[in-house]
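Novice: From the sequence below, what's the structure:
(one chain, ligands or ions: 1)
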Amino acid sequence: MTQQPSGHPEHPAPRETVALTDLPVLRVAVLGAGTVGTEVLRLLSHQGDDLAHRIGGRLEVVGVSVRDLDRDRGEHVPAGLLTEDAHALVRDVDLVVEVMGGIEPARSLLLEAMANGASVVTANKALLAQDGATLYEAADAHGVDLHFEAAVAGAIPLVRPVRESLAGDRIQRVMGIVNGTTNFILDAMTRTGADFDDALATAQELGYAEADPTADIEGHDAAAKASILASLAFHSRVRLADVHCEGITSVTAQDIAAAARMGRTIKLLSIVERIEEENGERISARVYPALIPDSHPLASVSEAYNAVFIEAEAAGSLMFYGQGAGGAPTASAVLGDLVSAARARVHGGVGPRESRYAELESIPLEELRSAFYVSLTVQDRPGVLAEVAGTLSGYGISISPSTRSCCRRTARAGSRPAPTSASARIALWSPR
Ligand SMILES: NC(=O)c1ccc[n+]([C@@H]2O[C@H](COP(=O)([O-])OP(=O)(O)OC[C@H]3O[C@@H](n4cnc5c(N)ncnc54)[C@H](OP(=O)(O)O)[C@@H]3O)[C@@H](O)[C@H]2O)c1
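Specialist: Numbers count the residues shown, from 1 in each chain. Down below sits the predicted model:
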């Protein structure tokens, strides 16, 4: 122990530096040693001493659960810690880090861990979006903490700002790019003129898209994050089923070119907002490709980066930007949570609980008014555009002059007029 000089009573001496060996030990179980888990273990081994000082306690990884015990996982995942018996592992620890993904067995393991008194840190957006309520209730019932910063936009601090830093404010809207794979694809299409399939193939070659990219390109991943953000921002339970979800598979190179002619860029946006109505408020949560003005900061978010805007009544507009995925960036968010949960263990106190007192309902997309870019394939004959405009005006829909020129025409000389068909319908987003 280092002896510090004693100070004047009004200026107390700095706290004594405690030797690491005198600090209490916290037993940690890590569930999963894949992309994120391996980086969590690497950072824990590199920064163990620093983390111990920051926490006031030493983190000791007592086991790492995986499916395949024989796979070589490198120097930071000691073979002696690997186990296939995750249930036994979570029964006798202080903290559990869940980076295995999927719904089961992750859910049962986290519930078992909490029932046995462990606080948990998870990066599992799919589980939180599908059944966050059960996890919150278990954390409450057993007096333990549930942290999930890494579940939304990887390294970017979003969960903590929304549920803690802005707890004294009133959030109006959270909007952003929260899926790196789709941003990479749309950015490649914008920069090179490539069509969707080619851009997806490039993303897969470079490791930005998985072999099965469905969850990303169909918008499911972004929708899970939108449901988590909406629940936190509006103090209500917003289920995955409440989020309107459209992916980017129908966005074509022609749509991107037409957007460019209008001074706009197509991005997959997750938007959650408070809608004020005559009889109160509801929540809109939606994910879809949207045209945003080139001048907007989100338009220049390139490659696989994420960026999120938060608009709050008192704070105004805040922007968060960074790496939304990847082993090390995601592990950074996991470790931040682990330090918080560990500090609470050592020094007492509880982390943030679920806040759903507002119980706002969700509003279906059909009830929202918005501008849309509609791409039509029509026959090249006189009067066809007037016909389209007439049909739309029959439904009370007007066409913006700047978009009218973007209708594609197909020439079919001599054929009878065929019904026009809409090949794309993309939301036009403009700032309030
Ligand atoms: N990757 C990212 O950039 C990122 C970003 C943000 C959030 N996340 C979230 O972090 C979590 C982990 O993602 P990841 O990319 O690290 O996944 P991953 O590379 O597929 O790794 C998953 C790990 O969990 C283990 N595992 C899976 N199912 C298991 C089971 N039933 N029993 C025991 N072990 C099991 C796997 O074991 P084996 O190695 O033996 O197969 C593997 O070690 C997911 O919830 C994901 O959504 C990931």
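Novice: Show me what from the stretch 201-350 of the chain comes close to the ligand.
Specialist: By Cβ under 6 Å from any ligand atom, the residues of the stretch 201-350 of the chain that approach the ligand are 325, 326, 330. All C-beta atoms are positioned from the backbone trio N, CA, C, and that covers glycine.
Novice: out of these, who has the most neighbours?
Specialist: Highest neighbour count within these, by other Cβ atoms under 10 Å: residue 330, with 25 neighbours.
Novice: in which helix or strand would I find that residue?
Specialist: helix 327-347 (DSSP states H and E).
Novice: Name the surrounding residues that touch that helix.
Specialist: 24, 26, 28, 35-36, 38-40, 42-44, 47, 51, 54-57, 59, 94-95, 97, 99, 119-121, 123, 145, 147-150, 154-157, 160, 322-323, 350-351 (Cβ atoms under 8 Å, 6 or more residues apart in numbering).
Novice: Alpha carbons of it, as PDB, please.
Specialist: Taking Å, rounded to 0.1, in the frame of the first residue of the first chain, the C-alpha atoms of helix 327-347 are listed here in PDB:
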ATOM      1  CA  GLY A 327     -15.400  -6.800 -32.500                       C
ATOM      2  CA  ALA A 328     -13.300  -4.100 -30.800                       C
ATOM      3  CA  PRO A 329     -15.800  -1.200 -31.000                       C
ATOM      4  CA  THR A 330     -18.600  -3.400 -29.700                       C
ATOM      5  CA  ALA A 331     -16.400  -4.800 -27.000                       C
ATOM      6  CA  SER A 332     -15.600  -1.200 -25.900                       C
ATOM      7  CA  ALA A 333     -19.300  -0.700 -25.200                       C
ATOM      8  CA  VAL A 334     -19.600  -4.000 -23.400                       C
ATOM      9  CA  LEU A 335     -16.700  -3.200 -21.200                       C
ATOM     10  CA  GLY A 336     -18.200   0.200 -20.300                       C
ATOM     11  CA  ASP A 337     -21.300  -1.600 -19.100                       C
ATOM     12  CA  LEU A 338     -19.200  -4.200 -17.300                       C
ATOM     13  CA  VAL A 339     -17.300  -1.500 -15.400                       C
ATOM     14  CA  SER A 340     -20.700   0.100 -14.400                       C
ATOM     15  CA  ALA A 341     -22.200  -3.100 -13.200                       C
ATOM     16  CA  ALA A 342     -19.000  -4.100 -11.400                       C
ATOM     17  CA  ARG A 343     -18.800  -0.700  -9.600                       C
ATOM     18  CA  ALA A 344     -22.300  -1.100  -8.400                       C
ATOM     19  CA  ARG A 345     -21.300  -4.500  -7.000                       C
ATOM     20  CA  VAL A 346     -18.400  -3.100  -5.100                       C
ATOM     21  CA  HIS A 347     -19.700   0.200  -4.000                       C
END
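Novice: ok, then the element right after it?
Specialist: Later in the chain than helix 327-347, the nearest helix or strand by DSSP H and E is strand 361-362.
Novice: Sticking with residue 141, tell me its helix or strand.
Specialist: helix 125-142.
Novice: Show me what whatever helix or strand comes next after that helix is packed against.
Specialist: Going down the chain from helix 125-142, the next helix or strand is strand 146-147, by DSSP H and E. Applying 3 or more Cβ pairs under 8 Å, 6 or more residues apart in numbering; DSSP states H and E, one finds that strand 146-147 contacts strand 119-122, helix 125-142, helix 327-347.
Novice: Sheet-wise, list the partners of strand 146-147 with their directions.
Specialist: strand 119-122 (parallel) (DSSP bridges).
Novice: re the thing from before, which members of the contacts of helix 327-347 occur in helices, if any?
Specialist: 35, 36, 38, 39, 40, 42, 43, 44, 51, 54, 55, 160 (DSSP state H).
Novice: The helix or strand hosting residue 285 - what's its average pLDDT?
Specialist: Assigned by DSSP H and E, residue 285 belongs to strand 280-293. Per-residue pLDDT over strand 280-293 has a mean of 95.
Novice: just to revisit the earlier point, of all the ones in helices among the contacts of helix 327-347, which comes closest to residue 82?
Specialist: Comparing the ones in helices among the contacts of helix 327-347 against residue 82 with Cβ to Cβ places residue 38 closest, at 11.9 Å.
Novice: Got phi/psi on the spatially most central residue of the chain?
Specialist: Centroid-nearest residue in the chain: residue 152, 2.9 Å away (criterion: Cα atoms, centre = their mean). With angles defined as degrees, to the nearest 10, residue 152 sits at phi -120, psi 110.
Novice: Report the contact partners of it.
Specialist: Contacts of residue 152 (Cβ under 8 Å, 6+ apart): 125, 158, 159, 178, 225, 228, 229.
Novice: Residue 392 too?
Specialist: Residue 392 is in contact with 398, 399, counting by Cβ under 8 Å, 6+ apart.
Novice: quick check, it in a helix?
Specialist: Yes. Secondary structure of residue 392 (DSSP: H, G, I helix; E, B strand; the rest coil): part of a helix.
Novice: pLDDT wise, what is it at?
Specialist: So residue 392 comes in at 85 (pLDDT).
Novice: And it, how close does it get to residue 250?
Specialist: 20 Å (Cβ to Cβ, to the nearest Å).
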